[in-house]
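> Sequence and predicted model, in that order:
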2 protein chains.
Amino acid sequence: MANSRQKTLPSVIRSTAEFAQHVGLARTTVSRVLNGQPGLKAKTIERVQRALAETGFTPNAFAAHLKGKRTAMIGICMEDLATPPAVGKLAALQKLLRSRGFSSLIEVFTPGTGRDAVRHFLSLRVEAVVFIGQFLREEIEARIAELIANGTPHLVIDQAGLAQANTVSLDRAAAMEAMLDHLLDLGHRRFGLLGVSTGPGSKIDRLVGIEAALRKRRLAMEECCQSLDHLHERANDFEFGRKLAGSFAALEERPTAFVGLNDAIAIGAVRGFQERGLKVPRDVSVTGFNNQEISHMTSPTITTVDQSIEKTIEAAAEVLLGQLGRPLPKRPELRTIAPQLVIRESSGPVRA
Amino acid sequence: MANSRQKTLPSVIRSTAEFAQHVGLARTTVSRVLNGQPGLKAKTIERVQRALAETGFTPNAFAAHLKGKRTAMIGICMEDLATPPAVGKLAALQKLLRSRGFSSLIEVFTPGTGRDAVRHFLSLRVEAVVFIGQFLREEIEARIAELIANGTPHLVIDQAGLAQANTVSLDRAAAMEAMLDHLLDLGHRRFGLLGVSTGPGSKIDRLVGIEAALRKRRLAMEECCQSLDHLHERANDFEFGRKLAGSFAALEERPTAFVGLNDAIAIGAVRGFQERGLKVPRDVSVTGFNNQEISHMTSPTITTVDQSIEKTIEAAAEVLLGQLGRPLPKRPELRTIAPQLVIRESSGPVRA
DNA sequence: CTGAAAGCGCTTACAG
DNA sequence: CTGAAAGCGCTTACAG
């Protein structure tokens, strides 16, 4: 009997029971060593450690967590793994969480799959759920309500204004206000908006910021700002910016400064203007958003807004980890991150 | 007694036992509905489903997996979450795995943390582990040996030549050979290598490809190729390319075509040459690698190599999922992905 | 068609 | 300082 158990092949040890038998100790003792509990003979510890290294035995986390050990996992819902700022935040968050002993579970949350993503996280008993990106309002609000009902902490990064949601987000209004101040200081009074026209989510914040800057100078948005977004299929990329610039270039009377939704649009617009013989910033100024790597690789380099991802993620971790192991807060926690204007070559004084 | 259990607050249901009691059925029955097993009255199913929706109860995956249910999780080790091609592969892989019902666990594997990352995956009983990126040879080989000993399938994406490793990787040698053929066809005979000098991992493959192309024309690498990589701190980014171009521009006699390790270096080099008054491609040709978005945003647009990420990931999924649920293969499986040359504006005929 | 009972691999009082 | 036993929340034969 005993012999039939001892396989001739050194088969993989899959449980503390097998492992304990292998070392010649009780499961209890092995478990204590594994968990670094005090009150063990140094020799015993060493014996277990050595066998651990020799056999490569990995205790089953599922059993441990079933017994109530915390999972130390955080679920992260991503809008998409394609936009550079979102990936930057994911990377920074993952790194920070890892340094605090948490591992990250990642799910891409496309319209309609959010429910499954969150349920999957809950079934894995994550300690909190983070959302990075811009989601359909009703969908994310429904998910947050679920999480609250479930007693699981959550945090939304970068989508402000959601009911009941804890959020950390860049102050996009302040960013646009600073950008407009900069352009107004350069003498610009007519602005072309590239992809920033009224729309869902964060674009509204941007318009608020633009309006605030204009109001300070007693200027009205309707008279100063123009958008041709409706002329082209919206894609928020280089080509979109290029086409918009082409359309603006064809106008008899056109704005002197152009405010892009992001860096790709801005770079596309610069190209579009250059193709029509306009020099940037001599003839027109163009600004971007996000301070992506590409924004300093082009010629001219792009004036843009840095998202301060580090600061965002530090605040995120603080809010998130602060919620762990205590009752959910009654009121949602809201944090705002100050953006930073990055002035480069693509913005200059209005042409006399 | 029974009453004291019914909390006045609608507290969260945390187990099938509680849930079953709530619905008035046995745990067994609830479990069957949850797992979509046949042989249940339609009415029973409906009753459970409704209660499920009402209470938001999520069964504990840890208990289910402990009973032997497969985890349907794949562990992904990333070199870094910063390089665009790696992130592109991660995104594509995550999406594909999700569509097959697998979820992805992601760990960033920095030198020295690999052991913990893999052990963490194993403790969560992932069904396979994927490595994306270029890792320290000894470290990744040790991890792969561990996985093999453990009986867990693995796959390495983009790092060829590892002992015992299943790999799917771009044929970088073929890519460079095609690139050199292209430049040779344009009349170039002297090449500047930007960041491609002898080094670890994939760079060697590239040199092999370059050499092959030259040999076909009876040219020798030592005479045709020049590298100034040693002059600047290696960073593989825009600035590195820019500095290298500056150094090459200062030479009395310089190559006519420059082969960059990646797109950022190529774009930096273009800028560096332009700053020294050299036009691209009129005076010098410059090529990149990866076909990142940025490579068509610059002026001139960059001739580069597309990694065929889709094809890579499809092959990866095939190799990976093919290993599941069967004994590990005796010999490692190796797949090579054909690259695609993308000819744009930055390469042109050699100046007469 | 539904249910009572055993058992997965851990941790944790409780004994010794 | 170490060990035997109970129990976490599921699934799955086995009964009925």
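Arrived safely, thanks for sending. Residues are numbered from 1 along each chain as shown, chains lettered A, B, ... in the order given.
> Run a quick neighbour tally on residue A:32.
Neighbours of residue A:32 under the rule other CB atoms under 10 Å in any protein chain shown: 18. For every residue, glycine as well, the C-beta is placed using N, CA and C.
> quick one: it and residue A:40 touch, right?
Yes. Contact criterion CB atoms under 8 Å: residue A:32 and residue A:40 qualify, at 5.9 Å.
> name the element residue A:347 belongs to?
In this structure, residue A:347 is located outside every helix and strand according to DSSP states H and E.
> need the contact list for it.
Neighbour list for residue A:347: A:182-183, A:186, A:257, A:281, A:285-287, A:303 [criterion: CB atoms under 8 Å, 6 or more residues apart in numbering or on different chains].
> Could you dump those into JSON lines and include neighbour count, distance to residue A:272 and pLDDT?
Converted to JSON lines, those look like this (neighbours: other CB atoms under 10 Å in any protein chain shown; distance: CB to CB, whole Å; pLDDT from 0 to 100):
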{"residue": "A:182", "neighbour count": "18", "distance to residue A:272": "22", "pLDDT": "98"}
{"residue": "A:183", "neighbour count": "25", "distance to residue A:272": "19", "pLDDT": "98"}
{"residue": "A:186", "neighbour count": "16", "distance to residue A:272": "21", "pLDDT": "98"}
{"residue": "A:257", "neighbour count": "27", "distance to residue A:272": "15", "pLDDT": "98"}
{"residue": "A:281", "neighbour count": "22", "distance to residue A:272": "15", "pLDDT": "96"}
{"residue": "A:285", "neighbour count": "29", "distance to residue A:272": "14", "pLDDT": "98"}
{"residue": "A:286", "neighbour count": "30", "distance to residue A:272": "9", "pLDDT": "98"}
{"residue": "A:287", "neighbour count": "30", "distance to residue A:272": "15", "pLDDT": "98"}
{"residue": "A:303", "neighbour count": "26", "distance to residue A:272": "17", "pLDDT": "98"}
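> Okay, and which of these map to helices?
A:182-183 (DSSP state H).
> Out of the contacts of residue A:347, which comes closest to residue A:204?
When those are ranked by distance to residue A:204 (CB to CB), residue A:287 comes first, at 18.7 Å.
> That closest one and residue A:259 touch, don't they?
Yes. Applying CB under 8 Å as the test, residue A:287 and residue A:259 come out as touching, 5.4 Å apart.
> what residues are shared contacts of these two?
When contacts are counted by CB under 8 Å, 6+ apart, the set common to residue A:287 and residue A:259 consists of A:179, A:183.
> mind checking how far the residue of the stretch 101-250 of chain A found nearest DNA strand C is from chain B?
The minimum distance from the stretch 101-250 of chain A to DNA strand C, using CB to the nearest atom of the strand, falls at residue A:125 (13.4 Å). Distance of residue A:125 to chain B, given as CB to the nearest CB, to the nearest Å: 7 Å.
> go on, residue A:311?
Residue A:311 is 18 Å from chain B, by CB to the nearest CB.
> Burial check on the residue lying closest to that residue once chain neighbours are set aside, number of neighbours?
The shortest distance from residue A:311 to any non-neighbouring residue, by CB to CB, 6 or more residues apart in numbering or on different chains, is to residue A:337 (5.3 Å). Residue A:337 is flanked by 24 other residues according to other CB under 10 Å.
> residues touching residue A:337, list them.
Per CB under 8 Å, 6+ apart, neighbours of residue A:337: A:168-171, A:307-308, A:311-312, A:315.
> my read: residue A:59 touches residue A:34, true?
Yes. Because the distance of 5.7 Å satisfies CB under 8 Å, residue A:59 is recorded as touching residue A:34.
> Please identify which of these two sits among more neighbours.
Ranked by neighbour count (other CB under 10 Å), residue A:59 and residue A:34 place residue A:59 first, with 19 against 16.
> Could I get the contacting residues of residue A:39?
residue A:32.
> tell me the pLDDT at it?
Per-residue confidence (pLDDT) for residue A:39: 82.
> And residue A:6, by the same measure?
At residue A:6, pLDDT is 37.
> same thing with residue A:43?
pLDDT recorded at residue A:43 is 89.
> Now for it, how many residues are close by?
Neighbour tally, residue A:43, other CB under 10 Å: 8.
> and residue A:237, how far is that from residue A:250?
Using CB to CB, to the nearest Å, residue A:237 is found at 21 Å from residue A:250.
> So if I had to pick from the two, which one is more boxed in?
residue A:237 (16 against 10).
> I figured that one hits residue A:266, correct?
No. Using CB under 8 Å, residue A:237 is not in contact with residue A:266; the gap is 11.1 Å.
> Near residue A:206, how many other residues are there?
25.
> in stretch A:323-339, what's buried?
A:323, A:332-333, A:335-337, A:339 (16 or more other CB atoms under 10 Å in any protein chain shown).
> Now flag whichever of the residues you listed is closest to DNA strand D.
Looking across the buried residues of stretch A:323-339 and measuring by CB to the nearest atom of the strand, the closest to DNA strand D is residue A:323, at 21.5 Å.
> coming back round to it: could you dump the buried residues of stretch A:323-339 into CSV and include pLDDT and distance to residue A:215?
Below are these laid out as CSV (pLDDT from 0 to 100; distance: CB to CB, whole Å):
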residue, pLDDT, distance to residue A:215
A:323, 93, 38
A:332, 95, 29
A:333, 95, 30
A:335, 95, 26
A:336, 95, 20
A:337, 96, 24
A:339, 95, 19
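> Among these, which are located in helices?
Short answer: the buried residues of stretch A:323-339 in helices (DSSP H) are residue A:323.
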